[in-house]
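Participant: pasting a predicted model and its sequence here:
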Amino acid sequence: MVLKVNKFMRLNVLKISIIIIAGIILYAYILPYFSPYNDPMRWNQTPADLPPSSKYIFGTTTLGQDIFWTCSFALRNSISFGAITSIISTIIALFIGIASAYLRGKLSTALIILIDCFCVLPALPIIVLISALWTGQTFMTNFSLILSIFGWSWSARTVRSIILSLRERTFTYTARFSGYNMLDSIIHNYLPYIFGIVLVSALNVMLWAIGMETTLAIFGLTSLGVPSIGTIIFWAMSYQALTRKIWWWIFFPIALLTIFIVALYLAAREIYMRRLRGQ
């Protein structure tokens, strides 16, 4: 009975998480095409400081912006930014992590030193410095590349440790004697084992990237004309929204981002656990 209840709960958590993720993706990527505003960041498009209502679902800002539509554009940019950073970082982590574990000799040693160096680099001060030098330009593609440089190292360490363990197993030697080259062995023998942990690591990098963008935007170190969760919070803080009791200006962007992140984490966790259980 207990096992059935646990299984039922796991299935429900996965289904609910996927529904929430799908709903937020539709809101962020499809709904903006039906927006009545061409530029969601343009000022004085609505009456200022209106609380949530049937006409303005999330209320309006002091700048005269409809928060419902501004959040849809902002979520799209923040999610895309995190996804791009995560994909680039994961590719780098897989390549360097597998190579450092599979290869031997000086090249392997050099890759290990490279991984260790990037693990201990003070990423935040360096990123803040770069953002300060490129104020107003560091967003999306170029900012994703910057964060990707600092986001791959811990994932690479994890991949390397798993590959080192797999390399000494019987099936690895069997594959070598069967004529498998290095690439075939990695694809067929190693990737299925590391898929789950790589998925979780990629999710962590995505969340870290979104959090980093939000943090830098709050300090005014990203392109403030581009809608993102961070830029919404920046303008809300600049106009002292909480002090003036305009709580909806900050609440809804943070709530949407939090719901998306939690749903994404729960879905990835359930998928990973199902793979471990062989389901």
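Facilitator: Looks like it came in fine. Residues are numbered from 1 along each chain as shown.
Participant: name the nearest residue to Arg76, sequence neighbours excluded.
Facilitator: The shortest distance from Arg76 to any non-neighbouring residue, by C-beta to C-beta, 6 or more residues apart in numbering, is to Ala28 (4.1 Å). (Glycine included, C-beta is placed from N, CA and C.)
Participant: for that neighbour, give its distance to Ile246.
Facilitator: According to C-beta to C-beta, to the nearest Å, Ala28 stands 23 Å off from Ile246.
Participant: what's next to the helix or strand containing Trp235, contact-wise?
Facilitator: For Trp235, the host element (DSSP states H and E) is helix 229-238. Counting by C-beta atoms under 8 Å, 6 or more residues apart in numbering, helix 229-238 makes contact with 41, 61, 63, 67, 70-71, 74-75, 78, 210, 213-220, 222-225, 242, 246, 249-250, 253-254, 256-257, all of which sit outside it.
Participant: for stretch 260-276, same thing?
Facilitator: Defining contact as C-beta under 8 Å, 6+ apart, one finds that stretch 260-276 is touched by 10, 13-14, 16-18, 20-21, 24, 75, 79, 195-197, 199-200, 203, 206-207, 210.
Participant: list the buried residues in it.
Facilitator: Phe260, Ile261, Ala263, Leu264, Leu266, Ala267, Ala268, Arg269, Glu270, Ile271, Tyr272 (16 or more other C-beta atoms under 10 Å).
Participant: closest to Glu168 out of the residues you listed?
Facilitator: Tyr272 (24.0 Å; C-beta to C-beta).
Participant: buried residues, the helix with the most length in the chain. List them.
Facilitator: Longest helix of the chain, by residue count under DSSP state H: helix 67-102. Judged by neighbour count using 16+ other C-beta under 10 Å, the buried positions of helix 67-102 are 67-79, 81-86, 88-90, 92-94, 96-102.
Participant: where in this protein is pLDDT low?
Facilitator: Residues of the chain that meet the criterion pLDDT under 70 lie in 1-11, 135-139, 173, 175, 179, 182, 275-279.
Participant: quick one: the helices in it, in order.
Facilitator: Along the chain, the stretches classed as helices by DSSP H are 2-29, 67-102, 106-120, 123-133, 141-151, 153-167, 170-177, 182-185, 191-218, 229-238, 248-277.
Participant: wait, the residue nearest to Arg76 sits on Trp69?
Facilitator: No - here Ala28 lies out of contact with Trp69, judged by C-beta atoms under 8 Å, at a distance of 11.3 Å.
Participant: just to revisit the earlier point, and the helices of the chain: which comes nearest Tyr56?
Facilitator: Relative to Tyr56, the nearest member of the helices of the chain by C-beta to C-beta is helix 67-102, separated by 6.8 Å.
Participant: list the helices and strands that closest one packs on?
Facilitator: With contacts defined as 3 or more C-beta pairs under 8 Å, 6 or more residues apart in numbering; DSSP states H and E, helix 67-102 has these neighbours: helix 2-29, helix 106-120, helix 141-151, helix 153-167, helix 191-218, helix 229-238, helix 248-277.
Participant: list the contacts of Ile162.
Facilitator: Ile162 neighbours (C-beta under 8 Å, 6+ apart): Ala101, Tyr190, Tyr193, Ile194, Ile197.
Participant: what number of residues lie near the fourth one?
Facilitator: If I follow you right, that is Ile194. Neighbour count of Ile194, defined by other C-beta atoms under 10 Å: 19.
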